[in-house]
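In: dropping a prediction and its sequence here:
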Amino acid sequence: MYKINKLQENGLNYIEIVGNDHISSAKICLDRGGALETLTLNNQPVIVDLHPLEYKNTYASSILFPFANRIKDGKYTYKGVDYKFDCNEANNNNALHGLVYNKSFVVVDSEISDEDASVTMVYTASTRNKAFPYLYTIALKFTLTANSVDLNVEVDNNDINSFPFTIGWHPYFLSDDLYNSTINLSTIKTIEFDERMITKNVIEEKATMPIEIKDQQLDNCYALGDSKVMFNTPKYKMTIDASGDENFFQMYTPPKKNVIALEPVTGISDSFNNKLGLKELKAADKYEINWTVTVE
């Protein structure tokens, strides 16, 4: 039987899901926007603590909402009204990764069985942010099996007005030998960035696959033709699958050996202005997306 434990570490609240014989486990920080901080599948650690890198700089495994990636100067216009997010990427003067990465989620449901376990947690925005003056609830349901973790995200618009949004997830995955690891995905477009990591150009061609990571410093983004992304390492093979109808994928190598951010997103850098991947959620409506990580 799977187990679900409540933990406190360094003043933060966590939920831990532990599988039979510890073949799989997941630790989720409720006070960091439901970030999946550690993950083991098939006895293989695939997400680990990034210490000494700090969460405020990595956004490790954070949920990116109401926008993924960046907004240039934090500024956008919606329905003829100008808004401005705080620029939390100070060196580039961009707003980065949305508003929920540092919010506290509350567990509202859990289920356990011999085969899997799931935990559902929610955050409700009950006050209006000046840059995004809308009321919403975001629910995260993590389901753990021996070889997979499934993350279902549901956004409910509790407001009387529609709002624009993109959404993403920012996990970093471990390889014991990143140099000899590869990424394989079906691309239809390559997104080119400027020096501030703002979208500059969309290249209408497929990228060459597989991507051999070697010693590259990656910060790449692609529009996907297929929802599946494969990450092959010397120790394990992993698939990330997204349910969205328009999927983009960002990858980034941080200043830490043998880890890489592999990020499924529904929009790209500066989507609030260039509209690439931007969606609109009508009043009282809901949006749902599912990301599944499976290890062979």
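Out: Sure, I can see it.
In: which regions of the stretch 101-250 of the chain lie under the pLDDT threshold?
Out: Within the stretch 101-250 of the chain, the set of residues satisfying pLDDT under 70 is empty.
In: what sits up against stretch 106-113?
Out: Here stretch 106-113 makes contact (CB atoms under 8 Å, 6 or more residues apart in numbering) with 1-4, 15, 30, 117-123, 139, 141. All C-beta spots, glycine's among them, are computed from the backbone N, C-alpha and C.
In: likewise for stretch 78-93?
Out: 70-71, 73-77, 94-97, 130-133, 163-164, 196-197, 272.
In: which of those fall in helices?
Out: residue 272 (DSSP state H).
In: list only buried entries from the contacts of stretch 78-93.
Out: Neighbour counting by 16 or more other CB atoms under 10 Å classes 70-71, 73-76, 94-97, 131-132, 163-164, 196-197, 272 among the contacts of stretch 78-93 as buried.
In: how about the strands in the stretch 51-200 of the chain?
Out: 62-64, 70-72, 75-78, 81-84, 94-96, 106-112, 117-125, 136-144, 148-157, 163-165, 168-170, 172-174, 182-193, 199-203 (DSSP state E, counting those that start in this stretch).
In: could you turn the buried ones of the contacts of stretch 106-113 into a ChimeraX selection?
Out: For the buried members of the contacts of stretch 106-113, the matching ChimeraX selection, counting by 16+ other CB under 10 Å, is:
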select :2,4,15,30,117,118,119,120,121,122,123,139,141
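In: relative to residue 287, which of the contacts of stretch 106-113 is nearest.
Out: Of all the contacts of stretch 106-113, residue 139 has the smallest distance to residue 287: 11.1 Å, by CB to CB.
In: and residue 187, how far from residue 118?
Out: 32 Å (CB to CB, to the nearest Å).
In: swap that for residue 64, sorry
Out: 22 Å.
In: of all the strands of the stretch 51-200 of the chain, which one comes closest to residue 49?
Out: Taking the strands of the stretch 51-200 of the chain one by one with CB to CB, strand 172-174 is closest: 10.0 Å.
In: run me through the strand neighbours of that closest one, direction for each.
Out: Partners of strand 172-174 in the sheet, by DSSP bridges, are strand 259-265 (antiparallel).
In: between strand 182-193 and the strand it pairs with, find me the angle.
Out: Per axes from the mean of the first three to the mean of the last three CA atoms, to 10 degrees, the angle that strand 259-265 makes with strand 182-193 is 60 degrees.
In: what angle separates strand 259-265 from strand 148-157?
Out: Using the same axes, to 10 degrees: strand 259-265 against strand 148-157 is 40 degrees.
In: contacts for strand 259-265, please.
Out: Applying CB under 8 Å, 6+ apart, the contact partners of strand 259-265 are 48, 50, 58, 60, 64, 68-69, 166-175, 178, 181, 183, 213, 218, 229, 231, 240, 242, 244, 247-254, 277, 291.
In: could you rerun that using 6 Å?
Out: Residues outside strand 259-265 that contact it (CB atoms under 6 Å, 6 or more residues apart in numbering): 68, 168-170, 172-174, 242, 248, 250-253, 291.
In: what's the answer for stretch 7-26, then?
Out: 2-5, 27-31, 39-41, 43, 117, 119, 144, 146, 149.
In: show me what residue 84 bridges to in the sheet.
Out: residue 75.
In: please tell me how far it sits from residue 93.
Out: On the measure of CB to CB, residue 84 and residue 93 end up 11 Å apart.
In: what is the helix or strand hosting residue 46 packed up against?
Out: Applying DSSP states H and E as the criterion places residue 46 in strand 44-47. Here strand 44-47 touches strand 35-41, strand 172-174, going by 3 or more CB pairs under 6 Å, 6 or more residues apart in numbering; DSSP states H and E.
In: dump these to JSON lines, plus mean neighbour count and distance to residue 9.
Out: JSON lines is the format used below for the helices and strands packed on strand 44-47 (neighbours: other CB atoms under 10 Å; distance: least, CB to CB, whole Å):
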{"stretch": "strand 35-41", "mean neighbour count": "23", "distance to residue 9": "10"}
{"stretch": "strand 172-174", "mean neighbour count": "22", "distance to residue 9": "19"}
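In: columns distance to residue 281 on top of the ones you listed, output as CSV?
Out: As requested, the helices and strands packed on strand 44-47 are exported to CSV (distance: least, CB to CB, whole Å):
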stretch, distance to residue 281
strand 35-41, 23
strand 172-174, 28
